[in-house]
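>>> Sequence first, predicted coordinates after that:
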Amino acid sequence: YAVWGVNGGGHIESPATNEIIDGEEVLFKGWHGYKDSKTKLQYSINNGEWVNITDFYSRTDISTKYPQYTNDGKEGFSLSLPVSKFNNGSNTVKLRYLSDDNYISDIEEVVFDVKANAISTTESTTETTTEKTTTAATESTTEASTQDESAKGNIGIDAPISAGVGSEIEVKVNVKDAVKMAGGELILQYDDSLLEVVSSKVGETFSRNNISPTVNDKYDSNKIFMTFYNMEDIDINGELITIVFKSKGEGKAKFNITKADFSDYDTNSKKMNVLGAEMTIVSFVPGDVNNDGDVNYKDSILIVRHNAKTYTLTEEQLKAGDVNNDGETNYKDAILISRKAAGTYNF
């Protein structure tokens, strides 16, 4: 799903429409693609002031799907916003582009709810903290907490936006800015009614630091377990693990990290921002005629061969090949698929 404007486009993945937030933070997450590197990506809460988004991370699924938009490895964004910034009840968050010449291009808005007890709990916590910081002892505690927050890293899941039934899907768990880590445990939960594990391998961040983690991709019917330890603190950035899944049916497949327990060499716990992901599995992906997960020249060749009666496409392949939706799968579709593979056309 994507919303495109003059300067580019994007999508708000979290919060979801009509989602009910009852925690202390609102995860504002999504992706974008722009045509001009000078364009600013901004968000607004309840029609308030527009705030620039400056912290981005790589989303290979987006750069692969929309290669014509140059993001320089900064396709994804993720912000943890205090629930105190929102109203009790209905809230609206908006996303837009602001060009260098002040041209505004609206991207998307999402309406969701915040529970009253979430806001009241946050306000109560803030008041209690303010009262306690009047003593020297609590000032020391506050300083330590601030240091711990500054060391907080991010763990996210890099998964395709969509995939076809029966295709193999590569999903990566990445970590960013995890400072002074000596060990940890991680559990990835997935939808086993739609996905099954084919294989798994540890990421380059471990081989780079000569660490051999333990991985059990059969830890539970729908969970993958990984643990590691090191004899000294290290900073971790990059890929933790890559899992190849095979899709079994249509639907929305969710990936969640249900455990992310990390600590330093002195066994002090390290807090992490944890980001999930969602992928839509469909009976076919437009343009992916051979169902290999990519839309490229191979798909165009199969269409040409089918029309020359040297190859026979199945009904599902014919649906995937009819990218202009004219009811026929022919040379016109082959041209459009080739243009998409070259990054000069989208469907």
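That came through fine.

>>> Can you say which helix or strand has I335 in it?
In the assignment (DSSP states H and E), I335 maps to helix 331-341.

>>> what distance separates that helix from the centre of its chain?
Chain-centre distance of helix 331-341: 28 Å, with C-alpha atoms, centre = their mean, to the nearest Å.

>>> likewise stretch 213-224?
Relative to its chain's centre, stretch 213-224 lies at 21 Å (C-alpha atoms, centre = their mean).

>>> And for that stretch, what's in contact with it?
The list of residues contacting stretch 213-224 from outside it, by C-beta atoms under 8 Å, 6 or more residues apart in numbering, reads 187-192, 197, 199-200, 202, 206, 225-228, 241, 243, 258. Where C-beta positions appear, they are placed from N, C-alpha and C, glycine not excepted.

>>> Near E239, how many other residues are there?
18 (other C-beta atoms under 10 Å).

>>> That one touches E204, doesn't it?
Yes - using C-beta atoms under 8 Å, E239 makes contact with E204 at a distance of 5.5 Å.

>>> So which bits of the helix holding I335 are buried?
Neighbour-count burial for helix 331-341, counted by 16 or more other C-beta atoms under 10 Å, picks out D333, A334, L336, I337, S338, K340, A341.

>>> do stretch 182-202 as well
182-191, 194-195, 197, 200, 202.

>>> cool, and stretch 240-254?
L240, I241, T242, I243, F245, K246, S247, K248, G251, A253, K254.

>>> What is the nearest of those to Y43?
K254 (23.6 Å; C-beta to C-beta).

>>> wait, isn't that closest one in contact with T280?
No - K254 is beyond contact range of T280, at 10.6 Å (criterion: C-beta under 8 Å).

>>> ok, for I21, nearest residue in space, not its chain neighbours?
Distance criterion C-beta to C-beta, 6 or more residues apart in numbering; nearest residue to I21, sequence neighbours excluded, is V114 at 4.8 Å.

>>> what do you get for G321?
In space, G321 is closest to T329, 3.9 Å off (C-beta to C-beta, 6+ apart).

>>> Identify the bridge partners of N174.
G156, E239 (DSSP bridges).

>>> quick one, what contacts it?
Y57, I155, G156, I157, D158, G203, G238, E239, L240.

>>> What of I337?
Applying C-beta under 8 Å, 6+ apart, the residues near I337 are G287, V289, V295, N296, D299, S300, I303, G321, V323.

>>> Mind putting the residues you listed into TSV with distance to E25 and pLDDT?
Conversion of these to TSV gives the following (distance: C-beta to C-beta, whole Å; pLDDT from 0 to 100):
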residue	distance to E25	pLDDT
G287	38	91
V289	43	93
V295	37	89
N296	40	92
D299	42	95
S300	46	95
I303	48	96
G321	44	93
V323	41	86
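
>>> can you tell me which of these are in helices?
D299, S300, I303, G321 (DSSP state H).

>>> Widest-spaced pair of those?
S300 and G321, at 9.0 Å, using C-beta to C-beta across those.

>>> list the residues that contact both of the two?
A334, I337.

>>> element containing T312, please.
Applying DSSP H and E, one finds T312 in no helix or strand.

>>> for D61, that is, sorry about that
Per DSSP H and E: helix 60-65 holds D61.

>>> same question for that helix, mean pLDDT?
For helix 60-65, mean pLDDT rounds to 78.

>>> about what we covered before: please identify which of S300 and G321 sits among more neighbours.
G321 (28 against 23).

>>> Verify the stated contact: that one with L313.
Yes - contact status for G321 versus L313: in contact at 6.6 Å, counting by C-beta under 8 Å.

>>> shared neighbours, these two?
V289, L302, I303, H306, T329.

>>> mind listing which of the contacts of stretch 213-224 are in strands?
Judged by DSSP state E, the subset of these located in strands is 187-190, 197, 199-200, 202, 225-228, 241, 243, 258.

>>> Looking at these, which is nearest L27?
T258 (15.5 Å).

>>> Against G321, how distant is that closest one?
As defined by C-beta to C-beta, to the nearest Å, T258 lies at a distance of 39 Å from G321.
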